[in-house]
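> Sequence and predicted structure are below.
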Amino acid sequence: MKLKRVLKLLLLSADEIAVAVFVFVLLSEFGIKIPLKLSLPLLLFLLLKDLLVAPYVLRGGLEKRPLTGPEALIGLEAVVIEDLSPEGIVKVENELWRGVCLNGEAKRGEKVRIVGFRGNLLLLERPES
């Protein structure tokens, strides 16, 4: 997960890296000198833009969760209504769903996490204890 955040930050900073290489390396190779008074404000502006955008991008703002259907339930917690041995009934946000417990059995009243679905059957896991 941390590597993913670092990669996102590097991609987000790609324009600053490209501008810095162009201004400070490539142009100077051709004898063109850009005064620091001009290049520094441009780079600072680009960095400021990233500081404003980075929290949204790194928080997963570009990876929207589905809002409807079984896909929207993945990651939520459900309460067992009918024992999952391994199949039974769970309650998710005031709705009853059929589910199957993938890692053993769960008794009535226990909480389970939704990890996927198969058709209209929720795939559930008991929390590690």
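Looks like it arrived, so ask away. As the structure is a prediction and not an experimental result, all values here were calculated from the model. Numbers count the residues shown, from 1 in each chain.
> so who does the closest residue to residue 101 other than its chain neighbours touch?
Leaving out its chain neighbours, the residue that sits closest to residue 101 by Cβ to Cβ, 6 or more residues apart in numbering is residue 84, at 3.9 Å. Heads up, the C-betas are built off the backbone N, CA and C, glycines and all. By Cβ atoms under 8 Å, 6 or more residues apart in numbering, the residues touching residue 84 are 90, 99, 100, 101, 105, 106, 112, 124.
> Can I get the helix or strand hosting the first one in CSV, CA atoms only?
In this structure, residue 90 sits in strand 87-92 according to DSSP states H and E. Output in CSV follows, covering the C-alpha atoms of strand 87-92 (Å, rounded to 0.1, in the frame of the first residue of the first chain):
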residue,chain,number,x,y,z
GLU,A,87,-24.3,-20.5,4.5
GLY,A,88,-26.9,-18.3,6.2
ILE,A,89,-28.5,-14.9,6.5
VAL,A,90,-26.8,-11.6,7.4
LYS,A,91,-28.0,-8.1,7.9
VAL,A,92,-26.2,-5.3,6.1
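> Quick one: residues contacting residue 79.
Applying Cβ under 8 Å, 6+ apart to residue 79 gives the contacts 90, 91, 109, 110, 111, 112.
> hang on, it in a helix?
No - according to DSSP: H, G, I helix; E, B strand; the rest coil, the state of residue 79 is strand, so it is not within a helix.
> Check what pLDDT it gets.
Looking at residue 79, its pLDDT stands at 96.
> Pull out the buried residues from the contacts of residue 79.
Burial of these was assessed by neighbour count (16 or more other Cβ atoms under 10 Å); the buried members are 90, 110, 112.
> The last one - nearest residue in space that isn't next to it in sequence?
By that I understand residue 112. With Cβ to Cβ, 6+ apart as the measure, residue 124 is the residue that lies nearest to residue 112, at 4.2 Å, once sequence neighbours are left out.
> next one: the second one
Nearest non-adjacent residue to residue 110, counting by Cβ to Cβ, 6+ apart: residue 80, 4.9 Å away.
> Many thanks, we can stop here.
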